[in-house]
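**Student:** Predicted model and sequence below, questions to follow.
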Amino acid sequence: MPFSRVLSVSSPDLRGPAADLSGARKLQTRKHHAVGWPVAGLIVLGICGLVMAGVTTSRVGLLPALVGALAALLPVGVVFAAIIWIDRWEPEPPMLLLGAFLWGAGGATACSLLLNDTVIQLADGLFGTGDQKFFLTAVMGPLVEEAAKALFVVALWFKRRSEFNGMVDGIVYAALTAAGFAFTENILYFGKAFAIGGVGGPAGGVVAVFIMRGVLAPFSHPLFSSMFGIGIGLASRTDDKRLRWVYLLSGFAAAFLLHAVWNAATLLGGAEFLNVYFLIMVPIFMGTFGLVVWQRKREQKIVIQQLPVLERAGLIVRSEMEMLATLAGRKGWLRKVRRSAGHEAAKAVRDYQIAVTELAFLQHRAAEGRTTSAARRARREKLIEDLKQARRSAAGTQQAIQTARIKLNELTQHNMKRPLPKPPTQRPRG
């Protein structure tokens, strides 16, 4: 559906019947739901977090839990920064990102503990109280934990499918839930190590566990769950329902298998663990990192390809296209606006940049024939209105517009050391 048809709105018929007040009530109800459900969800996740804090304290004690929390902050900070770096082109809504992390830290860990305890009791009842450590650690543990982490991503995909534009979005949400899960799990491991051996050193105590979990494997849980995130991302790019289920189940199976292999290696220890770490985990991590970099470049190409379309529709101006086409240009624009006009003006420009990106992705899906439903057409119109509103807010600050012109002149004078990537060529449909 071209933008010209979206922007051409016919005048209302004033001779028609009186307005239906039920429409206003429905709109108000939708607003309440849009605000109420996220708030309610965060309250529930907060309660889960408090429950897990109580469980952690009861298992290892108050002081070990505090030491574990402090030690767990460093690796989760590194992982969180990496995930935010992945999400730079099309930042996801902060409330959803926070919800993903809180679900991993509270909801997923609570579900995992409950289900794992239930499985242990069932296994003891069916097979006796023999040594079932390997089965529970290498099979049931990964199955339960990956299912608990994936629950939030699946629910979000069914409820807010428009937030998923590809593999990057799936990886971001899945990795964030895993980062939250690993944060709580690290508190338990670090706290238990402190209770047994104190701070210790490389051979024991908190230091030894930190080297293992915080230095060698801070990305282990995010890496496992990223496999499911890739499956979600692939499923979001197809309209074939059977293929969607294939992608979802394959992604979950890959996450489970990777987690199971890792847990089995930690039980075996020694040379077996090092072989798994360097021959399996490190190559998969590097391959996933390469996939993320490739997908980020793909996102940039999509934006570059759609900028002329937005310019012809009158939604952006030609003088800003060069700055909107690169992350460096966008960041430089924001930095100069913040220095010259303050945080409010920079926020307006940031909202404008995000709206341009969102609309570029939606227009790309339309070009591929994947925006046929009424819901997607409504989202297109809403995004256009959001872009116009952000543009008006940014234009209302004269310093922001002047800064944009100054930045453009600087880019032109320096001739931009690296040329912009060429947009992907579209194959003719036949």
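**Tutor:** Sure, I can see it.
**Student:** What ranges does the stretch 251-400 of the chain have for its helices?
**Tutor:** Here the stretch 251-400 of the chain has its helices, by DSSP state H, counting those that start in this stretch, at 270-276, 282-312, 321-324, 327-341, 343-367, 374-395, 398-414.
**Student:** Tell me which of the ones you listed sits most buried.
**Tutor:** Of these, the one with the most neighbours on average (mean count of other CB atoms under 10 Å) is helix 343-367, at a mean of 20. (Each C-beta comes from the backbone N, C-alpha and C, glycine too.)
**Student:** and the angle from that one to helix 374-395?
**Tutor:** Orientation check (axes from the mean of the first three to the mean of the last three CA atoms, to 10 degrees): helix 343-367 against helix 374-395 gives 150 degrees.
**Student:** on that earlier part again, any chance of the helices of the stretch 251-400 of the chain in JSON lines, with distance to residue 245 and mean pLDDT too?
**Tutor:** Below are these laid out as JSON lines (distance: least, CB to CB, whole Å; pLDDT from 0 to 100):
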{"stretch": "helix 270-276", "distance to residue 245": "30", "mean pLDDT": "87"}
{"stretch": "helix 282-312", "distance to residue 245": "22", "mean pLDDT": "91"}
{"stretch": "helix 321-324", "distance to residue 245": "37", "mean pLDDT": "88"}
{"stretch": "helix 327-341", "distance to residue 245": "35", "mean pLDDT": "86"}
{"stretch": "helix 343-367", "distance to residue 245": "21", "mean pLDDT": "85"}
{"stretch": "helix 374-395", "distance to residue 245": "21", "mean pLDDT": "73"}
{"stretch": "helix 398-414", "distance to residue 245": "46", "mean pLDDT": "52"}
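**Student:** And these: which comes nearest residue 250?
**Tutor:** helix 282-312 (15.0 Å; CB to CB).
**Student:** ok now that closest one, how far from the chain's centre?
**Tutor:** Counting by CA atoms, centre = their mean, to the nearest Å, helix 282-312 is centred 15 Å from the centre of its parent chain.
**Student:** and if you look at stretch 310-328?
**Tutor:** 26 Å.
**Student:** mind saving the C-alpha coords of it as CSV?
**Tutor:** Only the C-alpha atoms of stretch 310-328 are listed here, as CSV (Å, rounded to 0.1, in the frame of the first residue of the first chain):
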residue,chain,number,x,y,z
LEU,A,310,9.9,8.3,2.8
GLU,A,311,11.4,11.5,1.3
ARG,A,312,9.1,11.2,-1.8
ALA,A,313,6.1,10.8,0.5
GLY,A,314,7.1,14.1,2.3
LEU,A,315,7.8,12.4,5.6
ILE,A,316,11.5,13.3,5.8
VAL,A,317,13.6,16.0,4.1
ARG,A,318,16.4,15.3,1.7
SER,A,319,19.0,17.2,3.8
GLU,A,320,18.6,14.7,6.7
MET,A,321,18.8,11.5,4.7
GLU,A,322,22.6,11.2,4.9
MET,A,323,22.6,11.5,8.7
LEU,A,324,19.7,9.0,9.1
ALA,A,325,21.6,6.4,7.0
THR,A,326,24.4,5.6,9.5
LEU,A,327,24.6,5.1,13.2
ALA,A,328,27.6,7.5,13.3
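**Student:** By mean pLDDT, which helix or strand of the protein comes out lowest?
**Tutor:** When the helices and strands of the chain are scored by mean pLDDT, DSSP states H and E, helix 3-7 comes last with a mean of 35.
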